[in-house]
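Engineer: Here you go, sequence then predicted model.
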Amino acid sequence: RKFRRYKLALEVYEWMNDRGKRFRIFSSDIAIQLDLIAKVHGISTAEDYFLSLTDTLKDKRTYGALLNAYAQAKVRSKAEPLIDEMRNKGYAVRPLPFNVMMTLYMN
């Protein structure tokens, strides 16, 4: 991601997912993959990927990645209900999600 080679980075994550027995995938890995999917394939594909995740993998990191993707795509209509859901689940207790929303409102 550092060198903006998002497609290649996504291919590496997909390769790791295909070999789940060798690589233990954490929610932080899923959050990075969600960010890459949004950048390579678009927000709707990232949403589909998020919805396909098990509840155990949906945590503050994955919700935050989806919120950030909405903010980057300037999709306020989907970001606002998501941050409400994050609040209800106790995932929006740190400043970062609110900073993402402020950035969305400013742009």
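Structural biologist: It's in. Numbering: from 1, shown residues only.
Engineer: How far away from the center of its chain is the worst-scoring helix or strand of the chain on mean pLDDT?
Structural biologist: Counting by mean pLDDT, DSSP states H and E, the chain has its least confident helix or strand at helix 6-18, which shows a mean of 88. Taking the mean C-alpha point of helix 6-18 and that of its whole chain, the gap between them comes to 15 Å (CA atoms, centre = their mean, to the nearest Å).
Engineer: Pull out the buried positions in the helix or strand that it is followed by.
Structural biologist: Per DSSP states H and E, the first helix or strand lying C-terminal to helix 6-18 is helix 27-41. Neighbour-count burial for helix 27-41 flags 27, 29-39 (criterion: 16 or more other CB atoms under 10 Å). Any C-beta I mention is one placed from the backbone N, CA and C, and that applies to glycine too.
Engineer: residues touching Ser27, list them.
Structural biologist: 57-59, 61-62 (CB atoms under 8 Å, 6 or more residues apart in numbering).
Engineer: And for Gln33?
Structural biologist: 10, 13, 17, 49.
Engineer: could you redo the last one with a cut-off of 6 Å?
Structural biologist: Contacts here follow CB atoms under 6 Å, 6 or more residues apart in numbering; on that basis Gln33 touches Tyr13.
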